[in-house]
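> give me the fold of what follows.
(3 chains)
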Amino acid sequence: MNARLLPYMLILPVTLFLCLFFLYPFVLVAKQAFTTGAGFTLDNFREVVSYWKFPISLKNTLLLAAAVVPIQLALSLLMATMVTRMEKGRDLVLYVWTIPLGISDLAAGLIWLAIFEQSGFLNSMMHGMGIVDKPANLLTFQNPGLVFVAIALAEIWRATAIMLVILVAGIGLIPKEYYEAAEVFGASPWKRFVRITLPMLRPSLQTALVLRVIMAFEVFAVVAALGGTLFPVLMGETYAYQFDLLNSGAAAAMALVILAISIAATLVILRALRVPKGATI
Amino acid sequence: MSLHFKLAGAVSGIALALSAGVAQAEILFWSTQAKPVEEAQAMREQVLAGFEDAVDYQPNDAGPWLTRLSAEIQSGTGTIGLLGALHGDFSAMDPGTLVDLGDTGTMSASDTFNSLAKLGTDSMQYMPWMQASYIMAANREALQYLPEGADIDALTYDQLIAWTANVHAAEGEPKFGFPAGPKGLKHRFFQGYLYPSYTDGVVRTFASDKAVTAWEKFKELWAHTNPGSTNFSFMQEQLLSGDAWIVFDHTSRLANAFNERPDDFVAFPAPAGPEGRGFMPVLAGIAIPETAPDKDTAKALIDYLMQPETQIATLKATNFFPVVDVDLPDDLPPSVKAAGDAVAKMSGSADANPGLLPAGLGDKGGDFNRVFVDSFERIVLAGQPIEAVLQDQKGRLEAIMNETGAPCWAPDAPSDGACPVE
Amino acid sequence: MTDATVAEAPAAPSTRSAGRFLYISGVVLLCAWVLVPIYFLLVNTLSSPDTVNSFPKPLFPEFDFGSLAFFAQFAGMLTALKNSVLTAGMTMIMSILIGAPAGYALSRFDFRGKELFRLLILLTRAFPLPLLALPLAVMFIQTGLDDTTFGLALVHTTLAIPFAVLITFSLFSGIPLELEEAAWTLGCTRLTAFTKVVLPLILPGITASAIFAFVISWNEVFAAAVLTIENRTLTAFLLQNLDTSPLHLKFAGGFILVVPALIFIFAVRKYLFAMWGIANR
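All right, here's what the predicted structure looks like:
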């Protein structure tokens, strides 16, 4: 087969598929963002950006992503390293760690609300240990910091496994000889991690980060469950435009704003973790 | 692990026994009401099972409900036979997409509802189906703190504030519960209760001095409100858990509390302000989209749903009250009795100041609600000055009224043309 | 990252056992972090309505099966379960069949439009599906794909493709090109080199993609609620009505939704590890 045509043959099915089931509806929706009845306009963008909650929800979304993603990256790297060097019970531990994958964000919100609400498990335990005599109200407008921490914890719990699975699959491909050689030369575990694992894992790191960051900008269900009305995020505002205000133009504009942020973040990650064409030995 | 298997066994065993085949030629009843799993189940088993044809009752969130409906309308072919939704959902729709129900032969007993159902057109756009309202409920433990001389069935807002303050002081924590969560119906409290009670209006009086007083009073009440209220959307949960002792909410969102522990809670009318005891109804309707595959069966189903017996069955299933004249039986669930009594006392009170549902807003109903929700979030949660916020929000309200041209509705005085914000 | 957890450095025995201790307690701690919230869900599922609403909450289930029994007699559960499994299965197969070749192309070839293609893949993930649902539903109604599990699987595949493409891409990138070239010189064609040498190596990546595809499809509510009527999936059937339901049913319903996904991950977990590392070639 012609080697110049081969890559195009390989990407053809995906491209056709996505054109039909993503690009076509996407173009229709995106068009709405630039129209309000007649002709091209940026009114929808003006409207959503000038709404008083927009800066707040933008800040909240970015802040949450900035707090959650690095922790998840570190945590998933730690877990991936731990699990690959395990001799016994590796399957089981990995299984346990990937359990949150199977839990939808709606269900995760439910679970974590049961922990943090006033008569929830956290208060029950603190009560049982005698730390508090009355259930303390944790998720309130008076302690926004705590609301943020609760949301961040729930997100870390729910979505670290996504990165973990990608990294575990990638780490398995790193030749063991590298580690053996490094050990012979007396490299410390930390050095081996920094000099071998991290560089060799770059493709997987890139993928895990990109996917996770994009999803972080779309965070909604867990935030709504724990933050209630206190922690507006971009996606929540998008849904409010679409389904409460029935303003699909504004909703589409919001979604495009999120899309723009996602693309910008993705480009940065792709630049920072450039992957060479196939690994070289 | 064995626990898992026991559970899985229990579930799949019984599920197997019930895996009835999918019936053919069903009529699809696409609804935003009776969503909770047991209500949906009761709708299927107690209400719709008696209809001559099979009915596929599918309750949905507003998002999927609307998206599916819009898609069917856009493509011109549909599977939805009957729509069930709130007045506001229908008024957001293009009237041309709904079948005129004027010749159905049935109608609600309320002329007000029947004219609301025309949505400003000449034809019957939907059939009023069932009604509810918002009331107050309290844990019996809270009753001992009622202020001196206060009658729980004729409370004023000042007495309510004093009461919640007493509870706060005695229990050491605020125990008033307010549905200010993302899915809570807080805007209805402002539109139908606080504003009418303090300003005798909603739109005209939005930024009046009386409105400023109303918000000041609400802030006083908020001081004794469980600060977790911003997560509360269904006050039955907080009543049952004890996180809140005195609450305001939709009758059907309180029902579980009364049904699970009927002896622990009381229901009572909403409080009164200087301009009377403001309250508003909730009206759900049923309608047939133009794309319905079998309009005759759908009309027959409407006819069936409007029968007094069906309406009583619906009441038991959903805690929504009939819109036709019926004699209520004695075997009603505790939630229905409690709510029914409270609503009757509320509407029968000497100082009753009933409001109507917003009408003529078309698809701007959500924007209208947002004006009130934003005022709440800015005044109460963000602590911004009341006057400034109201002046700011007034601009948005005016824009909505002018754009839709909606005339005033009770308790606002009637207007020629769009209802003015004074 | 603490290097202490990357233990077993050839050091003094005391530091070594201390490292070992840290390592094990780290694993245990992380397992607890994942399991405890799930355990709370289980406790609430197996509690009577009164207990679910009580304070303080018990830390042990009382084995009240009332809430689960309610769902057992909930009409249509089994059909919905079947639809969910069917949809998730089709999503899994389609996303890998379509996605993996593109992942290979991305890692092995430089071709014009590569960046654009990569961006298209990511865009898919960065735009909220609920906004796309309307044009998709119109299209499906017009083409007869409406209300079929296959149609829904097509939409879910769109959601899963970015995972399939990017994960396989990152794993292919981790496999040295020289390895394939060696196979070619040994008489393999491009295809046989791929199937005999490369494919076994990326089995973990395929597995990870499969898990994601399954879980994404399993937990997706919105498109399922809009695009299926008679053939509802379990999530559309249950989850969207849970938030308005009484607390004890919320938890039981959430639990029922979680279990099948966990069983699936359990079944495929071991393929997440490279069966044989490159090291052993």
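
> host element of the residue nearest to A:F220 when sequence neighbours are not counted?
Among residues not flanking A:F220 along the chain, A:M235 sits closest, at 4.0 Å (C-beta to C-beta, 6 or more residues apart in numbering or on different chains). From N, CA and C alone the C-beta is placed, and that goes for glycine too. Using DSSP states H and E, A:M235 maps to helix A:234-239.

> give me the residue at the spatial middle of chain C.
The structure's chain C has its C-alpha centroid closest to C:F212; by C-alpha atoms, centre = their mean the separation is 2.7 Å.

> tell me the contacts of it?
By C-beta atoms under 8 Å, 6 or more residues apart in numbering or on different chains, the contact set of C:F212 is A:101, A:162, A:165, C:160, C:163-164, C:167.

> closest point of the stretch 251-400 of chain B to chain C, which residue?
Residue nearest to chain C within the stretch 251-400 of chain B (C-beta to the nearest C-beta): B:N256, separated by 4.8 Å.

> low-confidence ranges, the chain, go.
No chain specified, so I'll use chain A. Low-confidence segments of chain A (pLDDT under 70): A:1-2, A:275-281.

> please refer instead to chain C.
C:1-13, C:273-281.

> how is it divided into domains?
Domain assignment of chain C by automatic domain parsing yields the ranges C:13-70, C:76-280.

> which residues does the residue of the stretch 251-400 of chain B closest to chain C contact?
B:236-237, B:240, B:335, C:246.

> name the SS class of it, please.
Following DSSP: H, G, I helix; E, B strand; the rest coil, the label given to B:N256 is helix.

> distance of it from B:F321?
Distance, B:N256 to B:F321, using C-beta to C-beta, to the nearest Å: 17 Å.

> strands paired with the longest strand that chain B contains, and their directions?
Identified as the longest strand of chain B according to DSSP state E is strand B:127-139. Paired strands of strand B:127-139, with direction, are strand B:246-250 (antiparallel), strand B:265-268 (antiparallel), strand B:281-287 (antiparallel), strand B:321-322 (antiparallel) (DSSP bridges).

> just name the most buried of those strands.
Comparing those by mean neighbour count (mean count of other C-beta atoms under 10 Å in any protein chain shown), strand B:246-250 comes out on top with a mean of 27.

> just give me how far that strand sits from the chain centre.
Here strand B:246-250 is found 12 Å from its chain centre; the criterion is C-alpha atoms, centre = their mean, to the nearest Å.

> cool, and stretch C:253-268?
For stretch C:253-268, the separation from the chain centroid amounts to 11 Å (computed by C-alpha atoms, centre = their mean).

> go on, stretch A:154-172?
Centroid separation for stretch A:154-172 versus its chain: 10 Å, with C-alpha atoms, centre = their mean.

> is it in proximity to chain B?
No. On the criterion C-beta under 8 Å from any C-beta of the partner chain, stretch A:154-172 is out of touch with chain B, staying 13.3 Å away.

> wait, does that stretch contact chain C?
Yes. Counting by C-beta under 8 Å from any C-beta, contacts between stretch A:154-172 and chain C involve A:157, A:162, A:165-166, A:168-170, A:172.

> how about the helices in the stretch 51-200 of chain A?
Taking DSSP state H, counting those that start in this stretch to define them, one finds helices in the stretch 51-200 of chain A at A:53-84, A:90-98, A:105-116, A:121-128, A:144-171, A:176-184, A:189-192, A:198-200.

> what angle sits between the fifth one and helix A:53-84?
Taking axes from the mean of the first three to the mean of the last three C-alpha atoms, to 10 degrees, helix A:144-171 and helix A:53-84 form an angle of 40 degrees between their directions.

> quick one, helices of the stretch 301-422 of chain B?
B:308-318, B:334-348, B:365-376, B:386-404.

> so which residue is smack in the middle of chain B?
By C-alpha atoms, centre = their mean, chain B has its centre lying nearest to B:V282, at 4.7 Å.

> give the contact list for residue 233.
All of this is about chain A. Here A:V233 is in contact with A:57, A:60-61, A:64, A:219-220, A:223 (C-beta under 8 Å, 6+ apart).

> hmm, no, I was thinking of chain C.
C:80, C:83-84, C:87, C:149, C:152, C:224 are the contacts of C:T233 under C-beta under 8 Å, 6+ apart.

> same thing with A:I214?
By C-beta under 8 Å, 6+ apart, the contact list for A:I214 reads A:262, A:265-266, C:122, C:125-126.

> turn the residues you listed into TSV, including neighbour count, secondary structure and distance to chain B.
Formatted as TSV, the contacts of A:I214 follow (neighbours: other C-beta atoms under 10 Å in any protein chain shown; DSSP: H, G, I helix; E, B strand; the rest coil; distance: C-beta to the nearest C-beta, whole Å):
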residue	neighbour count	secondary structure	distance to chain B
A:S262	22	helix	22
A:A265	20	helix	26
A:T266	22	helix	27
C:L122	21	helix	25
C:R125	22	helix	20
C:A126	24	helix	20
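
> widest-spaced pair of those residues?
A:A265 and C:R125 (12.1 Å; C-beta to C-beta).

> nearest residue to C:R125 in space, please, no chain neighbours.
The nearest residue in space to C:R125 (C-beta to C-beta, 6+ apart) is C:P162, at 4.4 Å.

> which residues touch that neighbour?
A:211, C:121-122, C:124-125 are the contacts of C:P162 under C-beta under 8 Å, 6+ apart.

> quick one: pLDDT of the closest residue to B:Q191 other than its chain neighbours?
Counting by C-beta to C-beta, 6+ apart, B:Q191 lies nearest to B:V202, which is 5.4 Å off, once chain neighbours are set aside. We have a pLDDT of 95 for B:V202.
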